[in-house]
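S.K.: Here's my sequence, what's the structure:
(one chain, ligands or ions: 2)
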Amino acid sequence: MKIVVVGGGGREHAIIKSLKKNSEIETIYALPGNGGIAQDAVCVNIGAKDIDAIVDFAVENKIDFAVVAPDDPLVLGAVDALEAKGIPCFGPAKNAAILEGSKVFSKNLMKKYGIPTAEYEVFSDMESALAYLETAPIPTVIKADGLALGKGVLIAQTRDEAKQAVRTIMEDKIFGASGNNIVIEEFLTGPEVSVLSFTDGKTLVPMVSSMDHKRAHDNDEGLNTGGMGTVAPNPYYTDEIAERCMKEIFIPTINAMNSEGRKYKGCLYFGLMLTPNGPKVIEYNCRFGDPETQVVLPLLESDLFEIMKAVNEERLDEVEVKFSNKNACCVIMASDGYPEKYNKGFEIKVDDRFSAELYIAGAKLADGKLLTDGGRVLGITAIGDTLKDAVAASYEQTDFVSFDNAYFRKDIGKRALDAAKEA
Ligand code: AMP
Ligand code: GLY
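M.R.: Ligands and ions are numbered 1, 2, ... in the order given. Got it, this is the predicted structure:
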């Protein structure tokens, strides 16, 4: 079997390492992959958004199955284009990926089908949005409709900040056409939980829950990033809350998409906030999270490829999806200065004593050396019987990986450990 994985970050590295456990798979091509992924897959220099080139490559190389991992190609219709050429895929079709591709779509869907989420208004012209903000409750949350590299959400603490946010999105177009429409929504509070799930449009199987750490610095300070670390499971996500989410959010979402003629197949990611009024949806993502995948897949005991095939063939109810009851922690090592300015091109050195999972996110190979090539450079995932063990083990392993301007948070898992103590 020959497989294509579209994408080239830490998430894709984790997906590829997991797929490799299946003995049916002979070759995995990563499009474009990266210098670290090159140890586990054949990297081909085709960009994740270059749908035509991805399809041509898959056809020419008689690819048996494709996994489309990032949001951009999914929203652009990579799965539709590949399947039109007879190549089965894991990932939602374009008309279902809109769940992440348009916040206006997802908010309206939730309202129509009674799925709990923050109260909101949609605006397509700036003057009405500014007028609304004269009386809107503060703090408030302003979201660009379309994809914005994970940066399209602005939380405003004052009315002036809120108006400024609307102007930068709708007038200055900092997110381009993604800001033609905006959502202004109620500010919610409570612990956040990421729940990734497998679904074939009929059955939905949640994966183990996780907690992301989005801010750049310790104590959740600094700018928002793609994610500086994760732990799984998330101690806030009790069995009772899980049951409630299944009934009030997960199943209703799948049913809603079916009712709209947009069957959802692939990984559906629920970004939840556990508010005093119950769990609510903050966002849907049409893909595996990054770096959530780097703690969730190492805990998957079942065969990822078997699950992906079953999702594609709409027989998810026939396969086993089993997670270990251990804990995982992933610490992201980034280039100092990320998510703003940073230097790159430093050699990544891994000591022989390193004994955890290493997922490379931003690196390239040059003269046989692995050099840093991005903001988030790599993730170190360790497994433990307890959350405390997993956190300690991943931090121990950071001693064995180095590059000149390495930066990482020192408190990944701290909030989760505090929560587990309180419980
Ligand atoms: P997103 O880019 O959609 O993941 O949003 C980034 C972050 O903004 C989320 O992880 C939340 O912490 C925060 N956020 C988004 N929507 C709200 C909301 N309605 N209330 C409070 N915080 C929010
Ligand atoms: N870690 C958040 C995301 O993948 O969107």
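S.K.: May I have the phi/psi pair for Q164?
M.R.: Main-chain dihedrals, Q164, degrees, to the nearest 10: phi -60, psi -40.
S.K.: hmm, stretch 263-279 in reach of ligand 2?
M.R.: No. Stretch 263-279 does not reach ligand 2 (CB under 6 Å from any ligand atom); its nearest approach is 6.9 Å. Every residue, glycine included, has its C-beta placed from N, CA and C.
S.K.: Where do the helices of the stretch 101-250 of the chain begin and end?
M.R.: Secondary structure of the stretch 101-250 of the chain (DSSP state H, counting those that start in this stretch): helices located at 103-113, 126-133, 159-170, 239-245.
S.K.: For ligand 2, which of these is the nearest?
M.R.: Ligand 2 lies closest to helix 103-113 among the helices of the stretch 101-250 of the chain, at 13.2 Å (CB to the nearest ligand atom).
S.K.: chain center to the closest one, what's the gap?
M.R.: 20 Å (CA atoms, centre = their mean, to the nearest Å).
S.K.: now swap in stretch 401-408 and tell me
M.R.: 23 Å.
S.K.: Any stretches of this protein with poor pLDDT?
M.R.: Scanning the chain for pLDDT under 70 picks out 423.
S.K.: contacting residues for the most centrally placed residue in it?
M.R.: Centrality entry for the chain: nearest residue to the mean C-alpha point is G289, 1.7 Å, by CA atoms, centre = their mean. G289 sits next to R11, S194, L196, S210, D212, G227, Y269 when contact means CB atoms under 8 Å, 6 or more residues apart in numbering.
S.K.: What values do phi and psi take at it?
M.R.: phi -80, psi 160.
S.K.: Pop out the phi and psi values for the residue of the stretch 51-200 of the chain found nearest ligand 2.
M.R.: Proximity of the stretch 51-200 of the chain to ligand 2 (CB to the nearest ligand atom) peaks at G150, 5.7 Å away. Main-chain dihedrals, G150, degrees, to the nearest 10: phi 70, psi 10.
S.K.: excluding its backbone neighbours, what's nearest it?
M.R.: Spatially, and ignoring its direct neighbours in sequence, G150 is nearest to G226 (5.8 Å; CB to CB, 6 or more residues apart in numbering).
S.K.: Next up, phi/psi of that neighbour, please.
M.R.: In terms of degrees, to the nearest 10, the main-chain angles of G226 are phi -70, psi -10.
S.K.: Wait, it touches D290, no?
M.R.: Yes. G226 lies in contact with D290 (CB atoms under 8 Å); the separation is 6.3 Å.
S.K.: more crowded one of the two?
M.R.: Comparing G226 with D290 by neighbour count (other CB atoms under 10 Å), the higher total belongs to D290, at 28 against 23.
S.K.: Tell me who's in contact with the more buried one.
M.R.: Contacts here follow CB under 8 Å, 6+ apart; on that basis D290 touches G9, G10, R11, G226, G227, A361.
S.K.: Pull the contacting residues for the closest residue to K20 other than its chain neighbours.
M.R.: Counting by CB to CB, 6+ apart, D40 is the residue found nearest to K20 once chain neighbours are left out, at 6.3 Å. The contact partners of D40, taken as CB under 8 Å, 6+ apart, are H13, I16, K17, K20, I28.
S.K.: Check the gap between the closest residue to ligand 2 within the stretch 251-400 of the chain and ligand 1 for me.
M.R.: When scored by CB to the nearest ligand atom, the stretch 251-400 of the chain has G289 as its residue closest to ligand 2, at 3.4 Å. Distance of G289 to ligand 1, computed by CB to the nearest ligand atom, to the nearest Å: 9 Å.
S.K.: swap in L76?
M.R.: Counting by CB to the nearest ligand atom, the gap between L76 and ligand 1 amounts to 19 Å.
S.K.: Now the contacts of G289 in TSV, please, with extra columns for distance to M257.
M.R.: TSV is the format used below for the contacts of G289 (distance: CB to CB, whole Å):
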residue	distance to M257
R11	23
S194	20
L196	17
S210	23
D212	24
G227	26
Y269	14
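S.K.: From the rest of the structure, what touches stretch 240-253?
M.R.: 99, 109, 113-116, 193, 195, 197, 204, 206, 209, 264, 268, 270, 272, 274, 278-279, 281, 284.
S.K.: Quick check: ChimeraX command selecting the buried ones in those residues.
M.R.: Here is the ChimeraX command that selects the buried residues among the contacts of stretch 240-253 (16 or more other CB atoms under 10 Å):
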select :99,109,115,116,193,195,197,204,206,209,264,268,270,272,274,279,281,284
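S.K.: Near ligand 1, which residues of the chain? Just list them.
M.R.: Within the chain, the positions adjacent to ligand 1 are 118, 141, 150, 153, 155, 185-188, 192, 214, 271, 282-283 by CB under 6 Å from any ligand atom.
S.K.: So which of these are in strands?
M.R.: Using DSSP state E, the members of these that fall in strands are V141, V153, I155, E185, E186, E192, G271, I282, E283.
S.K.: Just the buried subset of those, please.
M.R.: Taking 16+ other CB under 10 Å as the criterion, what is buried in those is V141, V153, E185, E186, E192, G271, I282, E283.
S.K.: What is the distance between stretch 307-318 and the centre of its chain?
M.R.: Counting by CA atoms, centre = their mean, stretch 307-318 is centred 21 Å from the centre of its parent chain.
S.K.: Buried ones in it, by neighbour count?
M.R.: Using 16+ other CB under 10 Å as the test for burial, stretch 307-318 gives I307, M308, K309, A310, V311, N312, L316.
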